[in-house]
Every structure is written in structure tokens, then in C-alpha cells.
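Student: fold the following, please.
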Amino acid sequence: MLCSRGVSSYQPSIWIIDHRDVSSMPNSLISDVELLWVVRAVAPARTRVIADPLPIDQNSAYLRLRSLAKREYLTYINHNNSDYYEWELGTYGERRVKSAREDAEIPSASETDFNEYFAGRELKRVHPRQLLTILSGDPNTWHPSTTFYEELPYARVTIRDVLHELVDIGAIELDDSEQTYRWRVTDRGSDALAAFADPEREPPEWALIT
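Tutor: I've put the predicted structure just below:
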């Protein structure tokens, strides 16, 4: 659970914090240090303000910010226990951005147009959440592959690859007994999708592309 001021209410015995490493996840469109850099430039700021120039949506930005807060790179204020937060850099975040500037990993924020800087970055991979959302619309029904091909702007092979990955994880199940493959969400997939809508929960790492 997030606390009203500070980084988080997690137990140190559960989280292993390495302040030397703020590398991003394999499928990241924006690195952690770039996100910290943007926060520093606009802080204190709400999630939507931070997310505005980024190549990820507001929900994904929130998850990334929350992860950085757990690792003590950010602090935040939850105004009157409302549903929005204002974020700013913590001590470790300031050190990381300063180091990145010295090493020329990032340019000067004051001389950078963030919209231009992040222009051209787009999601090349289907987000598992997109597939789970489609399946969860009617969770008891088997959905043919064409359902995804018609609704999502990705190549068929790209969609199929992620579908099979989700089968291996146990988030969806596959019926390959007929000529056309059919797919259905499992309890694990439904639970992961529910975690995205619950601010008190962390979606599983396999369900994130941020």
C-alpha cells in the first residue's frame, strides 16, 4: 500500500534495493533515468503531467513511477488521500540524474523539447493487457485468432507470439483441436488484468511492457 508521504510502506526484507542500477525493463520505451529526468524537470507534478510527453500511457507511467518510489528514487505526496499523486525526485533520483548528465546520457532538460525527444518511439510489441482485455470481455467464450487480428494494429505473427507466451505463463488457454486456434482467459489472466485497475496491487512483471 502506498503511504501518504515518502516512498512506500513495503518491508525491506521483501525488496532488494540496488541504488546503483535503475536500468529499465527489457521492453521499455523509456529508460528509468529518462523518466527521472522528466520528473525532475516538471516536479512536483501529477502523473498525467509527467506522462503527457512520454511514449507510454498514464497508467503505465504510474506503474513505473511507483516502482521508482519503491526503490527510493522518487518521493510523492498523496493529497488528502485522493486518487492522485504529485511526484518529485528523492536523493537517489537526484544523484542518478546528475550522474547521467555528467556522462552525457541525457541532454539538458531546459534545452530539450520532450515531445520531440520522445517522438518516433512507439510500441512494436502487443501489450499483454490488450489481449487479456479482449478475452475478458466474454471470459467464458473461446475467441478465434481473427478476433485479435481485427481489433489490434499489429502483424499477425506478433499477436500470435504473445498469445503463445501467455499460454505458457498460464494467463490464457488454447484450444487447438479445430482448424482455427481459439483462446480463452484463465483465472490467472483475469487476476492480472484486475491488478491494473487496483492502485493497491502490482501487476505481474510478465503483464507489463512499459
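
Student: quickly list the domain ranges of this structure.
Tutor: Domain ranges of the chain: 5-117, 128-198, per automatic domain parsing.

Student: need the distance between the two termini of the shortest one.
Tutor: Start to finish, the residues bounding domain 128-198 are 17 Å apart (C-alpha to C-alpha, to the nearest Å).

Student: relative to residue 205, which of the domains of the chain is closest?
Tutor: With C-beta to C-beta as the criterion, residue 205 lies closest to domain 5-117 of those, at 7.5 Å. The C-beta positions use only the backbone N, C-alpha and C, and glycine is treated the same way.

Student: what's in contact with stretch 160-173?
Tutor: For stretch 160-173, contacts defined as C-beta atoms under 8 Å, 6 or more residues apart in numbering pick out 125-126, 128, 131-132, 135, 145, 148, 174, 183-186, 188-189, 192, 206-207.

Student: measure residue 29 to residue 106 for me?
Tutor: 15 Å (C-beta to C-beta, to the nearest Å).

Student: what does residue 179 give?
Tutor: As judged by C-beta to C-beta, residue 179 and residue 106 stand 52 Å apart.

Student: more neighbours, those two?
Tutor: residue 106 (17 against 5; other C-beta atoms under 10 Å).

Student: wait, that one sits on residue 33?
Tutor: Yes: using C-beta atoms under 8 Å, residue 106 is in contact with residue 33, at 6.5 Å.

Student: give me the common contacts of the two.
Tutor: Counting by C-beta under 8 Å, 6+ apart, the contacts common to residue 106 and residue 33 are 97, 100.

Student: just to revisit the earlier point, out of the contacts of stretch 160-173, which are buried?
Tutor: Buried members of the contacts of stretch 160-173, counted by 16 or more other C-beta atoms under 10 Å: 126, 128, 131-132, 135, 145, 148, 174, 183-186, 188-189, 192, 207.

Student: out of these, flag the one nearest to residue 66.
Tutor: Nearest to residue 66 among the buried ones among the contacts of stretch 160-173, with distances taken as C-beta to C-beta, is residue 207, at 14.7 Å.

Student: show me the contacts for that closest one.
Tutor: With contact set as C-beta under 8 Å, 6+ apart, residue 207 has these partners: 128-129, 132, 171, 192-193, 195-196.
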